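Trainee: After the sequence you'll find the predicted model.
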Amino acid sequence: MQISDAIRLLLTTHPLWARRDPRTEINRGGCEGFMLAVCKLVSGAEERTTGPFMGPNGEEIDGPFDHVAHYWIFCNGRHYDAEAPGGVDQMEKLPIFARAAP
């Protein structure tokens, strides 16, 4: 299953997420469960979250949006979440991060 199809399927048929607003209901408290559900449906989908990231020498470094708690999916070089079923090429372009940018 393609990742965009999985996201749209969950947003239209899954009892937890169907007919819920991706911005105000899923990406405000439900993003972890949504991300995990997508990852179960799509081979090669990777879990991503804000928080400490690994630097080039294995050290933890702060991510660019540590002040925004969010879970999203990375697959085939693109970043996806409930608001971005078509994916974006950089995590900073996910709508939740774009709204939080200074």
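Mentor: Received, thanks.
Trainee: Could you list the low-pLDDT ranges of this protein?
Mentor: For the chain, residues meeting the criterion pLDDT under 70 lie at 51-68, 102.
Trainee: what ranges do the helices span in it?
Mentor: Taking DSSP state H as the test, the helices found in the chain are 3-13, 31-41, 95-100.
Trainee: Counting by contacts, list what the first one packs against.
Mentor: Applying 3 or more C-beta pairs under 8 Å, 6 or more residues apart in numbering; DSSP states H and E, one finds that helix 3-13 contacts helix 31-41, strand 78-81, strand 84-88. Quick note: C-beta positions are derived from backbone N, CA and C, even for glycine.
Trainee: right, so these: which one is the most enclosed?
Mentor: strand 78-81 (a mean of 22; mean count of other C-beta atoms under 10 Å).
Trainee: Show residues contacting that one.
Mentor: 3-4, 7, 22, 27, 31, 34-35, 38, 48, 70-74, 86-91, 93-96 (C-beta atoms under 8 Å, 6 or more residues apart in numbering).
Trainee: Pull out the buried members of the residues you listed.
Mentor: 3-4, 7, 22, 27, 31, 34-35, 38, 48, 70-74, 87-88, 91, 94, 96 (16 or more other C-beta atoms under 10 Å).
Trainee: Tell me, how many residues neighbour L11?
Mentor: L11 has 18 neighbours, counted by other C-beta atoms under 10 Å.
Trainee: Touching, it and W17? I think so.
Mentor: Yes: using C-beta atoms under 8 Å, L11 is in contact with W17, at 5.7 Å.
Trainee: Now do the shared contacts for the two.
Mentor: A82.
Trainee: So V88 versus V42, what's the distance?
Mentor: Distance from V88 to V42, counting by C-beta to C-beta, to the nearest Å: 16 Å.
Trainee: whoops, P15 was the one
Mentor: The value you get for P15 to V42, if C-beta to C-beta is used, is 20 Å.
Trainee: Please report phi then psi for R28.
Mentor: phi -120, psi 60 (degrees, to the nearest 10).
Trainee: Let me know how buried it is, in neighbour terms.
Mentor: R28: 13 neighbours (other C-beta under 10 Å).
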